[in-house]
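[1] Predicted model, plus sequence, below.
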Amino acid sequence: MSTITVAAVQTHPIFGDLTGNRDRAAQLVRANDAHLYVLPELFDTGYLFADRDELSSLSEPFSGGSTVEFLCALSKETNSVIVAGFAEADGEKLYNSAAICDHGRRLACYRKIHLFNTEKKIFDPGDTPPPVIETSVGRLGPMVCFDWIFPETMRCLALGGAQIIAHCANLVLPYCQEAMVTRTLENRVFAVTANRIGTDDRAGDCFTFTGGSQITAFDGKKLACADGTTEMVITSEITPTLADEKSLNPFNHLMNDRKPHLYTALTNRPI
Ligand code: ACM
């Protein structure tokens, strides 16, 4: 059973300052010694795009884009796995995505399924199931911010074998951190939520981000918490294989005790 150090990197992106945002994230990563680093959603662009044209001008492909190249190089330099949110362009489509890089390898890309608020006006929603990624630190389940409010997201990742939820966030509501206690408990997985701080006040809109990055254990314990206003890295030692045991007691198994044939409302209710 091997123990690893996981880190949530809480940053303060300045809108559109890709170089500065990357430099600051790299400084925070280099100042620590973790096996897994999770960075916020849209960590190098900032969050509040004026419109789809502006988003398009700051979006890049997963393959060959400078953001993902940067993340891969940083993961190689620091012998780590890095999960970070970025603005992804794929042809005409624009996604709010998370890249997973492992020791210099561009492993996988997850496209946020559940878009929040006015994101719906400018991003395309991800349309593939939440993936579970085999990495050198264990099986990761990526989520991007508002995915947390749909319990189906983490349930699918847990059923797929994820041990650690890598949650890139730009949270504006105060509920996620407490909800993560229940999400991790009901799925017996670890979660690393990396949130940002600061305010994007532009294009006639204003969002203040709540920080409070958090590492949550498979039994719902909060292992590490950041404050709401400081750029910082929180770390914790975890043993990912503990998430493979889904029994609560000799009679209750969180996955095997489910009754999908009775959950008909999940699939029968028209959207
Ligand atoms: C969010 O999904 N960025 C709240």
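    Structure received.

[2] burial measure for Ala89, as a count.
    With neighbours defined by other CB atoms under 10 Å, the count for Ala89 comes to 18. No exception for glycine: its C-beta is placed from N, CA and C like everyone else's.

[3] before we move on, which element is Tyr110 in?
    Taking DSSP states H and E as the criterion, the element that holds Tyr110 is strand 105-111.

[4] ok, that strand near the ligand or not?
    No. Figure legend: strand 105-111 not in contact with the ligand (CB under 6 Å from any ligand atom); closest approach 13.2 Å.

[5] What helices and strands are in contact with the helix or strand following that strand?
    Counting by DSSP H and E, the next helix or strand C-terminal to strand 105-111 is helix 119-122. If you count contacts as 3 or more CB pairs under 8 Å, 6 or more residues apart in numbering; DSSP states H and E, helix 119-122 packs onto helix 52-57.

[6] buried residues in the helix it packs on?
    54-55 (16 or more other CB atoms under 10 Å).

[7] Kindly report the same for stretch 176-189.
    For stretch 176-189, a neighbour-count test (16+ other CB under 10 Å) marks 176-177, 180-181, 183-185, 187-189 as buried.

[8] Equivalent analysis for stretch 63-71, please.
    When neighbours are counted by 16+ other CB under 10 Å, the buried residues of stretch 63-71 are found to be 65, 67-68, 70-71.

[9] who in the stretch 101-250 of the chain is up against the ligand?
    Where proximity means CB under 6 Å from any ligand atom, the interface of the stretch 101-250 of the chain facing the ligand comprises 116, 145-146, 170-172.

[10] repeat that for 5 Å
    With CB under 5 Å from any ligand atom as the criterion, the stretch 101-250 of the chain comes near the ligand at residues 116, 145-146, 170.

[11] Export those as JSON lines, with columns for neighbour count, pLDDT and secondary structure.
    Shown next, in JSON lines, are those (neighbours: other CB atoms under 10 Å; pLDDT from 0 to 100; DSSP: H, G, I helix; E, B strand; the rest coil):
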{"residue": "Phe116", "neighbour count": "21", "pLDDT": "97", "secondary structure": "coil"}
{"residue": "Cys145", "neighbour count": "29", "pLDDT": "98", "secondary structure": "helix"}
{"residue": "Phe146", "neighbour count": "23", "pLDDT": "98", "secondary structure": "helix"}
{"residue": "Asn170", "neighbour count": "28", "pLDDT": "98", "secondary structure": "coil"}
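
[12] Please state the offset of whatever helix or strand Leu140 lives in from the chain centre?
    Under the criterion of DSSP H and E, Leu140 resides in strand 138-144. Relative to the mean C-alpha coordinate of its chain, strand 138-144 is positioned 7 Å out (CA atoms, centre = their mean, to the nearest Å).
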